[in-house]
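S.K.: coordinates only, sequence not included:
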């Protein structure tokens, strides 16, 4: 399964994200280096660059669009 590098920007609402596929790699090391370089060159508020491991482009975009719940903080973590 390949590693994908995506540029993520905020959409019209909190549930919608604009995804732009930058690259695709077979090795994590190459994807990580490309992601770091992209973070240096791409700057701005609300812009993220992420690496995701998925079966294909569609699966990667589905994973990135999923709304993830905030972790529940335990009393000692506050």
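M.R.: Looks like it arrived, so ask away. Being a predicted model, the structure only gives us computed values, none of them experimental.

S.K.: If you count contacts, what does the helix ranked longest in the chain end up packed against?
M.R.: As assigned by DSSP state H, the longest helix anywhere in the chain is helix 28-41. Contact here means 3 or more CB pairs under 8 Å, 6 or more residues apart in numbering; DSSP states H and E; on that basis helix 28-41 packs against strand 3-10, strand 17-25, strand 47-53. (Each C-beta comes from the backbone N, C-alpha and C, glycine too.)

S.K.: Packed most tightly, which of these would that be?
M.R.: strand 3-10 (a mean of 19; mean count of other CB atoms under 10 Å).

S.K.: hmm, who's touching that one?
M.R.: Strand 3-10 is contacted from outside by 17-28, 30-31, 34-35, 38, 42, 46-54, 57, 60-61, 64, using CB atoms under 8 Å, 6 or more residues apart in numbering.

S.K.: Identify the residue nearest the geometric centre of the chain.
M.R.: Nearest to the geometric centre of the chain sits residue 50, at 3.1 Å (CA atoms, centre = their mean).
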